[in-house]
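Asks: Need a 3D model of the following:
(one chain, ligands or ions: 1)
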Amino acid sequence: MASRENVIEALGATFGDARLIGQDQAGQRYNQNLTEFPAREIVCGVQCRTPAEVQMLVGIARQFKTPLYPISTGCNWGLGSRLPVADGCILVDLSPMDRIREIDVAGRCAVIEPGVTQHQLAKAVSALDAGLKINPTGSGKRTSVLANTLERGMGKLRQRSDDLRGLEAVLGTGEILRTGYWGRFENAAPGAASHYPPGLGPDPTGLFLQSSFGIVTAVVIDLLDDFEFDVVHCRCPEQKLGDMVSALSSLRRYRVLADGIQIDSSNDPRNLSLPGGDGTRRDWVLWTRIEGLSSMRDAAREEVNLALSHIGLKPTFYRRSEMDNPDLPEVIRADIKRTAGRPVDFSIRAMARAGGVTDPAASFDPDADAAFPGMACALIAVPFDGARVLDLLARVDASASEFAIDVACTFSAISATAFEGFIRTYFDRREPSAINTAHQWNHHLHHRLIEAGIYPYRLNVEEMAQIFDGTTSTLSATLEEIKNTLDPDRIIAPGRYSVGAGP
Ligand SMILES: Cc1cc2nc3c(=O)[nH]c(=O)nc-3n(C[C@H](O)[C@H](O)[C@H](O)COP(=O)(O)OP(=O)(O)OC[C@H]3O[C@@H](n4cnc5c(N)ncnc54)[C@H](O)[C@@H]3O)c2cc1C
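Replies: I've put the predicted structure just below:
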């Protein structure tokens, strides 16, 4: 391996000092994370503005055998924020690459770069007044649509990866690969030719999700029809949770409901502003939507009422026009806004408030401010089935009581068959013993669940380094072979999702 000084000198000569973040500053800027995972040794940071610059950076990384770790807006809160998995990386900060290359209204899609935030895209789409909207997450307005999609993050309306039509990535060889028709035919425009995402023959798009096979420089993503909708909200005590999940599963399979079915425990900081309920893990709150033509919504309202009243639950329906009604609790207004495709900072602000930060400024930094609560989480894919959800909760409770901590839980429909279980604990980051307990619980929970055949669908950077340690399956070996082909010097994101140790 070349000396740090040589690499930094080569980077400085190519990118200029203004876009090079030296080791001390990089260590400070990129290591802060709200989960308080241990700092990594970071060589430096480099800000890139174009795919050509990413190619140049890959060239230097190969020459000096120094790995790269790309981040887009770096808000991977709960999973490590900006931390690379391994030590010794150059952080590739893609936030300046923030062009919306095109919005194709007729094709209902947008071509965007890594630094495009959900706020930026929502604003640009709304300005067109074309009856389209984005699929926002519950995270901050400043987060990247592209990076969250690559993570298979959860949007309000469906899993973000369902929005993905195609992508452009710089490989570890320095070449640019594009997928779908965009990559196959020279005259294919990325947006217009993405109406049939797989294109022709094998489709490598999925290889770049939760992966270390390339640095993605653009994605083509769906814009959704901004149909009329009602938000459906319902409280549910734990005794009825299994029946409610089964009823929702049936409504989802019959397509009365789409994805975007979310059930939170009422100790979720967002729900603390809701009247009624007891604010505990055992009291639940349902959020979903019915949408479409007025006759479709009438029929869906009836079906939802019927299914929930069978188990003694009474849903409330909120119209889109109520999103600015000051008489409604903030959590309901925020839910209506997100359903309408508008990202809001409500979730992080609610989390800040629950930790005692009463009036966080719009620009506040949850990673840098130790008063902002810590969060450690497990993200599980559990079958969309009442009994399986209750079984998971029993295991979660057992592990929480072993560590004497409180947990909050959210379940979100990923598909007709799977629920995302977002299981987390909040802790005081200024207390070393609280940090230690949260980390130990998190590790313990992942392993206990895997032993029980309940698997994560997304991982934090600490678990990535540990979970598949020593695995020798054909799948692992095949992924390593693909890594060798696409990134022969193994310089991209070593260890991300447990593939490809560094050079
Ligand atoms: C209160 C709260 C609410 C949240 N709500 C949600 C939610 O509703 N849904 C959800 O999914 N998450 C949620 N999160 C988690 C997180 O904040 C989001 O997932 C966020 O979008 C991730 O940060 P980012 O978009 O800045 O991605 P980044 O941090 O930039 O990237 C995430 C990871 O993707 C990889 N990556 C990034 N860019 C590239 C690239 N160009 N090429 C290759 N690999 C790349 C890197 O490994 C990086 O570490 C929430 C967190 C909090 C604290």
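Asks: dump the residue contacts of residue 373.
Replies: For residue 373, the set of contacting residues under the criterion of Cβ atoms under 8 Å, 6 or more residues apart in numbering consists of 34, 351-352, 354-355, 426-429. From N, CA and C alone the C-beta is placed, and that goes for glycine too.
Asks: Check what pLDDT it gets.
Replies: Residue 373 carries a pLDDT score of 95 in this model.
Asks: Over to the one 5 residues further on?
Replies: We note a pLDDT of 98 for residue 378 in this prediction.
Asks: ok, it - contacts?
Replies: Residue 378 sits next to 421, 423-424, 442, 445-446, 449, 456 when contact means Cβ under 8 Å, 6+ apart.
Asks: Residue 483 too?
Replies: When contacts are counted by Cβ under 8 Å, 6+ apart, residue 483 is found next to 212-213, 490, 499-500.
Asks: which two from the contacts of residue 373 end up farthest apart in space?
Replies: By the measure Cβ to Cβ, 352 and 427 form the most distant pair in these, at 14.3 Å.
Asks: Might you report the residue contacts of the closest residue to the ligand within the stretch 401-503 of the chain?
Replies: The shortest separation between the stretch 401-503 of the chain and the ligand is 5.3 Å, found at residue 496 (distances taken as Cβ to the nearest ligand atom). Residues counted as contacts of residue 496 (Cβ under 8 Å, 6+ apart) are 69, 85, 210-212, 464.
Asks: Return the member of the contacts of residue 483 nearest to residue 272.
Replies: Using Cβ to Cβ as the measure, the one of the contacts of residue 483 that approaches residue 272 most closely is residue 212, at 38.4 Å.
Asks: for that closest one, helix, strand, or coil?
Replies: Assigned with DSSP: H, G, I helix; E, B strand; the rest coil, residue 212 falls in the coil class.
Asks: What does it show for phi and psi?
Replies: The phi and psi torsions at residue 212 (degrees, to the nearest 10) take the values phi -130, psi 30.
Asks: what's the neighbour count on it?
Replies: Other residues within reach of residue 212, judged by other Cβ atoms under 10 Å, total 29.
Asks: if you look at the contacts of residue 378, which of them are in strands?
Replies: When those are checked against strands using DSSP state E, the ones located there are 421, 423-424, 456.
Asks: Out of these, which end up buried?
Replies: Among those, those classed as buried by 16 or more other Cβ atoms under 10 Å are 421, 423-424, 456.
Asks: Looking at the residue in the stretch 301-450 of the chain positioned nearest to the ligand now. What's its pLDDT?
Replies: With Cβ to the nearest ligand atom as the measure, residue 347 is the residue of the stretch 301-450 of the chain nearest to the ligand, at 3.8 Å. Taken from the predicted model, the pLDDT recorded for residue 347 is 95.
Asks: Doesn't it belong to a strand?
Replies: No - when three-state DSSP is applied, residue 347 is found to be helix, with no strand at that position.
Asks: switch to numbering from 53
Replies: With the count now opening at 53, the last piece we talked about shows up as residue 399.
Asks: Skipping adjacent residues, who's closest to it in space?
Replies: For residue 399, ignoring the flanking residues on the chain, the nearest one in space by Cβ to Cβ, 6 or more residues apart in numbering is residue 190 at 4.5 Å.
Asks: Taking the buried ones among the ones in strands among the contacts of residue 430 together, which two end up most distant?
Replies: Using Cβ to Cβ, the pair of those lying farthest apart is 476 and 508, separated by 13.0 Å.
Asks: so how far is stretch 372-392 from its chain's centroid?
Replies: Here the centre of stretch 372-392 is set off from its chain's centre by 23 Å, with Cα atoms, centre = their mean, to the nearest Å.
Asks: can you give me the end-to-end distance of it?
Replies: From the first residue to the last, stretch 372-392 extends over 7 Å; the measure is Cα to Cα, to the nearest Å.
Asks: what number of residues lie near the residue in the chain that the ligand sits nearest to?
Replies: Nearest residue of the chain to the ligand: residue 205, at 2.5 Å (Cβ to the nearest ligand atom). A total of 23 residues lie near residue 205 under the criterion other Cβ under 10 Å.
Asks: Highest neighbour count among the contacts of residue 535?
Replies: For the contacts of residue 535, the largest number of neighbours (other Cβ under 10 Å) sits with residue 264, at 29 neighbours.
Asks: Hmm, residue 547 and that residue touching each other?
Replies: Yes - in this structure residue 264 lies within contact range of residue 547 using Cβ atoms under 8 Å: 7.5 Å.
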